[in-house]
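Student: I would like to see how this sequence folds:
(chains A and B)
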Amino acid sequence: MKRIARETFAIADAELRKLVRDPTELVSRAIQPILWLVIFGQVLSNVRGIDTGEAGYLGFLTPGILAQSVLFSAIFYGINVIWERDLGIVHKLLVTPASRVSLVLGKAISANFRGLVQAAVIYLVALALHVPLRWEFFPILGVMLIVTLGSAIFAMFSLSVACIVKTRERFMGIGQVLTMPLFFASNAIYPLDIMPRWLRIVAMLNPLTYVVDGLRGLMVHGEQSIHGWDTDCGVLCIAFAVFLGISARLYPELVR
Amino acid sequence: MNHVESPQRTLPAIELRRLTRRFAQATAVDHIDLTVAPGGIFGLLGANGAGKTTTIKMLTTLLEPTEGSARVAGFDIVSQAHEVRRRIGYVPQMLSADGALTGYENLLLSARLYGVPSQRRRIEEALAFMGLAEFANRLVKTYSGGMVRRLEIAQSMLHRPAVLFLDEPTIGLDPVARRAVWEHLKGLNADFGITILLTTHDMEEADALCSDLAVMHTGQIAAHGSPADLKAQVGGSASLEDVFAHFSGSVDETGRLRDIAETRSNVRRRG
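Tutor: Okay, here's the model as predicted:
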């Protein structure tokens, strides 16, 4: 356990040093959620066609956009891993005695750092748009936990896909194909109860739904979580364990 | 893991028994038997697509053999892969140091993954040994190709491996950088007793460095012996170039497009 913690820290520390040294990606990734909240959110707030609770559509949308940012910034993680494979970095990591779980977990933790920065940006934009955010300590801690789990799950999912498709070209195509269905088959921008039955079933199998639902209960006054944030966290912990196992198993395939 | 014990001088450093790897219908490595004595520098020669990189991938535990077995530093590459990994260093063909990190940070990552004791001291020693101490805090993307290669060798020696694998270590380097890498590899072999196995196309490199050579051709060992033995087998005043041509055929006959493209890409990246 101590060994895995040491190795995971080594990988995550190297990734964070790179990110802090060149934060361009963090800045560019912040633009999309700002557009969603400022343009899409403000315009749709005026429609009032969907019952979205006391906080209005913008309050309903804010946790969904945070979840979307977590998904979008983590889902292209696989392309970095393919790039590292092309440079020989993955070969060198796999020849070390480090556990495959540590190598994958280290990457997932660095994805989480990106997710937390996205969360900070969205809190600031939502504050400027007068969304009734919850500023209590424990809800914010809960948001951080869910963002952490969500980032790690989607980064490991992306890494697993990269290990199967193996080339950047194929990954770019598949990344686009996966991202939009994951987003639209969730409760990020509309509630589950207005979905057709088949889509609701798909949404219930989608980890993004649990990220959104957990955030919705914790981020905004007047918004409710359907399952309860603790149930959402439980489901996300199971998804985390499953994807950790799958990605650690597939990671060595990248160099074969 | 803190200390890796010294290789036992009596055991072969590397031992291959009918080692085979197939990819779908193609046999990349075909029933190879080979023994590498400890303490020397062993050269694996062969044209593109001869099976050198696949052999190295199996010996470094990146790829499992389809048939046969191999032991590195006394441990089986499949059933004792973790023990093998603790005792080897690996420098891949690509320039694999992370350009977005400094030289020191690249070594720190390796030191942590190998659980090297006294990390700062070991890193500073390795950088000094490779002549990179003054560049330790510069980002690797500002290094020359030769400096990156020396950094990667420093990275691979931090945990004092018993066996060091290098896949075409000087490809694309200018003559001065190439000679600097040779001198450092000789020093590593002499000062630390590390057995080195390298693959190369460069016969001057094989002549300058290797005490023992094997020539691979279409996945098999076509010849094995000291440079002098191999030259004698070809006869007359044969050079190693003649030995290579005699045992391995030409690049045009055997080089796969992917291997050639990869090699060109590596050469381009090293400027």
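
Student: For burial, what's the neighbour tally of residue B:216?
Tutor: With neighbours defined by other Cβ atoms under 10 Å in any protein chain shown, the count for residue B:216 comes to 28. For the C-beta atoms, the positions are set from N, CA and C on the backbone; glycine is no exception.

Student: so which residue of the stretch 151-256 of chain A comes closest to chain B?
Tutor: Closest to chain B within the stretch 151-256 of chain A is residue A:255: 5.2 Å, counting by Cβ to the nearest Cβ.

Student: all helices of the chain, in order?
Tutor: Answering for chain A, as no chain was given. A:2-21, A:24-35, A:42-45, A:56-75, A:77-87, A:89-95, A:100-128, A:137-165, A:168-184, A:197-204, A:207-219, A:229-250 (DSSP state H).

Student: sorry, should have said chain B
Tutor: Going by DSSP H, chain B shows helices at B:52-59, B:81-86, B:103-114, B:119-129, B:145-157, B:175-192, B:203-209, B:227-234, B:240-248, B:251-254, B:257-269.

Student: before we move on, back to that, wait, the residue of the stretch 151-256 of chain A closest to chain B sits on residue A:91?
Tutor: Yes. Contact status for residue A:255 versus residue A:91: in contact at 5.2 Å, counting by Cβ atoms under 8 Å.

Student: follow-up on the earlier one: what's the residue of the stretch 151-256 of chain A closest to chain B in contact with, if anything?
Tutor: If a contact means Cβ atoms under 8 Å, 6 or more residues apart in numbering or on different chains, then residue A:255 has A:85, A:90-91, A:94, B:57, B:62-63 as its contacts.

Student: which regions of the stretch 1-150 of chain B lie under the pLDDT threshold?
Tutor: B:1-10 (pLDDT under 70).

Student: in it, which spans are strands?
Tutor: With DSSP state E, counting those that start in this stretch as the criterion, the stretch 1-150 of chain B has strands at B:14-23, B:26-36, B:41-46, B:67-72, B:75-76, B:88-91.

Student: Out of these, which gets nearest to chain A?
Tutor: Here strand B:88-91 is closest among these (Cβ to the nearest Cβ), at 4.2 Å.

Student: That closest one pairs with which strands?
Tutor: Take DSSP bridges as the rule and strand B:88-91 pairs in its sheet with strand B:163-167 (parallel).

Student: residues making contact with the strand it pairs with?
Tutor: In contact with strand B:163-167 (Cβ under 8 Å, 6+ apart) are residues B:7, B:13-14, B:52-53, B:56, B:59-60, B:72-73, B:87-93, B:153, B:156-157, B:185, B:188, B:194-199.

Student: Just the CA trace of that strand, in PDB.
Tutor: Only the C-alpha atoms of strand B:163-167 are listed here, as PDB (Å, rounded to 0.1, in the frame of the first residue of the first chain):
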ATOM      1  CA  VAL B 163      21.400  -5.300 -17.100                       C
ATOM      2  CA  LEU B 164      20.900  -2.200 -19.200                       C
ATOM      3  CA  PHE B 165      19.000  -2.500 -22.500                       C
ATOM      4  CA  LEU B 166      19.400   0.200 -25.200                       C
ATOM      5  CA  ASP B 167      17.500   0.100 -28.500                       C
END
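
Student: Using a markdown table, lay out the contacts of residue A:255 together with distance to residue B:225.
Tutor: What follows is the contacts of residue A:255, written out as a markdown table (distance: Cβ to Cβ, whole Å):
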| residue | distance to residue B:225 |
| --- | --- |
| A:85 | 36 |
| A:90 | 35 |
| A:91 | 30 |
| A:94 | 33 |
| B:57 | 25 |
| B:62 | 28 |
| B:63 | 27 |
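
Student: Buried ones among those?
Tutor: Among the contacts of residue A:255, those classed as buried by neighbour count (16 or more other Cβ atoms under 10 Å in any protein chain shown) are A:85, A:90-91, A:94, B:57, B:62-63.

Student: so what's the nearest residue to residue A:63 once chain neighbours are set aside scoring on pLDDT?
Tutor: Excluding the flanking residues, the one nearest residue A:63 by Cβ to Cβ, 6 or more residues apart in numbering or on different chains is residue A:215, at 3.6 Å. What the model reports for residue A:215 is a pLDDT of 96.

Student: So what's the residue count around residue A:215?
Tutor: For residue A:215, using other Cβ under 10 Å, the count is 30.

Student: surely it meets residue A:143?
Tutor: Yes. Residue A:215 lies in contact with residue A:143 (Cβ under 8 Å); the separation is 6.0 Å.

Student: if I look at the two, which residues touch both of them?
Tutor: residue A:66.

Student: in stretch A:21-33, what counts as buried?
Tutor: A:26, A:29-30, A:33.

Student: How about stretch B:171-183?
Tutor: B:171-173, B:177-182.

Student: ok, how many other residues are close to residue 113?
Tutor: Picked chain A for this. Using other Cβ under 10 Å: residue A:113 sits among 17 other residues.

Student: sorry, should have said chain B
Tutor: 26.

Student: just the one 10 residues further on next, same as before
Tutor: Applying the criterion other Cβ under 10 Å, we find 23 residues in the vicinity of residue B:123.

Student: Contact partners for the nearest residue to it once chain neighbours are set aside?
Tutor: Leaving aside its chain neighbours, residue B:123 sits nearest to residue B:107 (4.5 Å; criterion: Cβ to Cβ, 6+ apart). If a contact means Cβ under 8 Å, 6+ apart, then residue B:107 has B:123, B:126-127, B:151, B:154-155, B:158 as its contacts.

Student: ok, so of the residues you listed, who is nearest chain A?
Tutor: For the contacts of residue B:107, with chain A as the reference and Cβ to the nearest Cβ as the criterion, the closest is residue B:155, at 7.7 Å.
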